[in-house]
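Novice: Okay, sequence plus prediction incoming.
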Amino acid sequence: MRGTSRAAAVLACSALGLGCLVAAPAASAGSTGTGAARPPGAQGRDCAVAPDAPKRQLRGDWIASVVNIDWPSRPGLSVADQKAELEQWYDEAAARGLNAVVVQVRPTADTFWPSDLEPWSRYLTGTPGGDPGYDPLAFAVEQAHARNLEFHAWFNPYRVSMNTDREALAPDHPARRHPDWLVSYGGKLYYNPGIPAVRRHVEDVILEATTRYDIDAVHFDDYFYPYPAGGVDFPDADTYATYGDGFDTVGDWRRHNTDLLVSELDQQIHAVKPWVKFGVSPFAVWRNAGTDPEGSATTAGAETYDDLYADTRGWVRKGWLDYIAPQVYWNIGFAPADYAKLVPWWAEQVEGTDAQLYIGQATYKVGTSTQSPAWADPEEMTRHLTFNRDFPQVQGDIYFSAKDVRANRLGHMDLVQADHYAHPALIPVTQGVPGRAPRPVGAVAAERTPDGIRLTWDGDDAAYAIYRVSGRSADLCDTADAEHLLGWFRADSEGDQAYLDEAAPSDGVTYYVTALDRAYRESVPRRIEVR
């Protein structure tokens, strides 16, 4: 369920002047739950699918900007160098078989776009509020889409500075105008989540970016209330005294504050653009079973419910998220927090909901971590994805971070790519988006050219998928998995849709062309044979 109800989705759709239906919930588009699939147009037939060629799977990496972890590599680069660096990250993601990027665009209450609400990020120019001379978010979205990568805009809601120097903030920073919003804790500055005006401000900043730019998702990671620092409680006693009436404990009140942020953003994002996803990547332990019998079989030192005041399981069950990507940053067999115990636990939590489950993968630990000998094994990461195959609720993975994907220590990403990303994959269907699968494309034509076979068709859809079957009779079951999928492609903005298959075989070949909408629902295929 998206937002608070399917009725809410209909209202959001109507508010935008769209005539639409609301799709019924489904666990996984095309899945029969039996290791088979029913592709569009197959009229109830169950088709066998290859386990190493899933048709739909999100494959992403995080591109972090805070303290210049990934991009830009350092503040003060020229516009040309900043652009070139990001394009290189995107090219590498596409070459690895990824289909999404999660780019940090608001790292410390400062922005990667010309905001009316907050100053330019210091990580662009080195100067808080310094104009970089272009619009990085517009460029980042455009270039991601040019490579058929989903763009997830990553926001940190409450962090204001990585130190406690208030005077170092940009002169026009909202925290300068509202010093009562600020809290110093653990060597950093934060907005106080318990102040309603703070929550409204954070929501307004995120809605500004959502409205102005063609992003595909709004993304949070694991930072809400900050992680406990040195045994010192977060200093919000005065705020609790002001706003905490009706709550038995400060913990209940803090969780309520975080719940309000998540639930209100869910409604606001989808009222503006129903197809934009809202996802969170939390610390993977909601609660340990020793704390709560419904928690995971873990003994981790932190629990999101009790320490970050983030009821991540509750958000899934209440339908406030389109996806959750728990950071399962431990190896298989790690006793305090075993990957092989946390993934099944999360699979159980999303079962029967519309929330997609992706797994956050600790690429940064491979070949560097002394936490466990497993991280010295180049096979550890590919084993994670093989393990995930037994849980159809898991619909993808996100790797932290881009520089570690690039490093490819021990050749671990080579193994992941060979074992799991040999074929492209469509993005999983976003459930609950008003609308229905698009109509089939029209006027499909094909011709052999000196450069390959050129396909053309009519359509004004968001994107298209192309399948190719060579040297034998084709069947709709050939579109049930990704073995014959050449890829999915965003529509040409001019409306002239075409695809050149440069690797087309010289003998007979059959193509299927399908249309995709913004929720990645797929039309019935159109078929054309070339002899």
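Specialist: Structure's in. What do you need? The shown structure was predicted, so the numbers you read here are calculated from the model rather than taken from an experiment.
Novice: okay, CA-based contacts and neighbour counts for the rest of this
Specialist: Fine.
Novice: quick check: domain ranges of the protein?
Specialist: Here the domain parsing of the chain from automatic domain parsing is 6-420, 442-530.
Novice: could these go into CSV alongside distance to residue 433, mean pLDDT and mean neighbour count?
Specialist: What follows is these, written out as CSV (distance: least, C-alpha to C-alpha, whole Å; pLDDT from 0 to 100; neighbours: other C-alpha atoms under 10 Å):
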stretch, distance to residue 433, mean pLDDT, mean neighbour count
domain 6-420, 6, 93, 19
domain 442-530, 7, 94, 18
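Novice: quick one: which of the ones you listed is nearest residue 436?
Specialist: Counting by C-alpha to C-alpha, residue 436 lies closest to domain 6-420 out of the domains of the chain; the figure is 6.2 Å.
Novice: My read is that residue 520 contacts residue 430, right?
Specialist: Yes. Taking contact to mean C-alpha atoms under 8 Å, the distance of 6.9 Å between residue 520 and residue 430 places them in contact.
Novice: Please, which helix or strand holds residue 207?
Specialist: Counting by DSSP states H and E, the secondary-structure element that holds residue 207 is helix 196-212.
Novice: That helix: what's the following helix or strand?
Specialist: Following helix 196-212 in sequence order, the next helix or strand is strand 217-220 (DSSP H and E).
Novice: Outside of that next one itself, list whatever touches it.
Specialist: Strand 217-220 is contacted by residues 102, 151-157, 206, 210, 276-282 when judged by C-alpha atoms under 8 Å, 6 or more residues apart in numbering.
Novice: That strand - which strands sit beside it in the sheet, and in what orientation?
Specialist: The sheet places strand 217-220 alongside strand 150-155 (parallel), strand 277-280 (parallel), with pairing taken from DSSP bridges.
Novice: how about the ones you listed in a markdown table, adding distance to residue 376?
Specialist: Compiled in a markdown table, the strands paired with strand 217-220 are given as follows (distance: least, C-alpha to C-alpha, whole Å):
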| stretch | distance to residue 376 |
| --- | --- |
| strand 150-155 | 30 |
| strand 277-280 | 29 |
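Novice: So which of those is nearest residue 507?
Specialist: Minimum separation from residue 507 across the strands paired with strand 217-220 (C-alpha to C-alpha) falls at strand 150-155, 34.5 Å.
Novice: so that closest one versus helix 196-212, what angle?
Specialist: Relative orientation of strand 150-155 with respect to helix 196-212: 160 degrees, computed using axes from the mean of the first three to the mean of the last three C-alpha atoms, to 10 degrees.
Novice: chain center to the helix or strand just after strand 150-155: distance?
Specialist: Along the chain past strand 150-155, the next helix or strand (assigned with DSSP H and E) turns out to be strand 159-161. Between the mean C-alpha location of strand 159-161 and the chain-wide mean there is a distance of 23 Å, by C-alpha atoms, centre = their mean, to the nearest Å.
Novice: Counting by contacts, list what strand 159-161 packs against.
Specialist: Under the contact criterion of 3 or more C-alpha pairs under 8 Å, 6 or more residues apart in numbering; DSSP states H and E, strand 159-161 touches strand 188-191.
Novice: Tell me how far the strand it packs on lies from the chain's centre.
Specialist: Strand 188-191 has its C-alpha centroid displaced from the chain centroid by 25 Å (C-alpha atoms, centre = their mean).
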